[in-house]
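1. Coordinates for the following, if possible.
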Amino acid sequence: MKTLKLLIAGFGLFVASSLQAQVSVNVSIGSRPDWGPVGYTEANYYYLPDIEAYYDVRASNFIYISNGNWIRGRYLPARYRNYDLYNGYKVVLTDYHGARPYAHFNTHRVKYYRGNRPHTVVVRDVHHYHDNHKHYKKHKAKKHHRHHHDD
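-> Residues are numbered from 1 along each chain as shown. Modelled structure (predicted):
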């Protein structure tokens, strides 16, 4: 009877430690890297124009081109060993939710070119941006028109 109680207690400890290990592993999956822009929890990908690569936030890996093929890897290749991820230009892609952000590489490459040093750019739903932009133009035109009549 004493042996049975010890076995049950041992099994209980084993199960408890396994559950604790699962929780700690799940917490780290898909979290923003230390060098990633703060405050963009909805982002699945970052585009890194200076090295023409992507970072998959959920999978915690880089996507870069090598010999004409897109490669996924936990680390950047050796040719980027001196690239500073903390201070490099990053574009937060919040409007793409598929598995291949590089399908839009030609667009990203032109729009967010190498050596451009603005602050981190956030790409949101394009339709929403244009709607707000039209509203801004209309509002600005009304203000200008009103000012013109005052003269």
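2. Just list the residues touching I65, thanks.
-> Neighbouring residues of I65 by CB atoms under 8 Å, 6 or more residues apart in numbering: E52, A53, I71, Y102. The way it works is simple: take the backbone N, C-alpha and C, and place the C-beta from them, glycine included.
3. now those: which count as buried?
-> E52, A53, Y102 (16 or more other CB atoms under 10 Å).
4. and L48, what are its bridge partners?
-> With beta bridges defined as DSSP bridges, L48 has these partners: A53.
5. unless I'm mixing things up, it is touching K90, no?
-> Yes: using CB atoms under 8 Å, L48 is in contact with K90, at 6.1 Å.
6. can you list residues touching both of the two?
-> When CB under 8 Å, 6+ apart defines a contact, no residue borders L48 and K90 alike.
7. For the chain, give me the ranges with low pLDDT.
-> 1, 4, 6-7, 9-30, 116-151 (pLDDT under 70).
8. for it, what spans make up the strands?
-> Using DSSP state E, the strands of the chain run over residues 45-48, 53-56, 61-66, 69-73, 91-93, 121-123.
9. Let me know which of these is tucked in deepest.
-> strand 45-48 (a mean of 24; mean count of other CB atoms under 10 Å).
10. what helices or strands is that one leaning on?
-> strand 53-56, strand 91-93 (3 or more CB pairs under 8 Å, 6 or more residues apart in numbering; DSSP states H and E).
11. re earlier: okay if I get the contacts of I65 as JSON lines plus distance to Y96?
-> Shown next, in JSON lines, are those (distance: CB to CB, whole Å):
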{"residue": "E52", "distance to Y96": "16"}
{"residue": "A53", "distance to Y96": "15"}
{"residue": "I71", "distance to Y96": "19"}
{"residue": "Y102", "distance to Y96": "10"}
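12. ok, which pair from these is furthest apart?
-> Pairwise distances across these (CB to CB) peak at 12.5 Å, for the pair E52 and I71.
13. For those two, list the residues in contact with both.
-> Jointly contacting E52 and I71 under the rule CB under 8 Å, 6+ apart are Y64, I65.
14. check contacts around A53.
-> A53 sits in contact with Y47, F62, I63, Y64, I65, L76, Y80, where contact means CB under 8 Å, 6+ apart.
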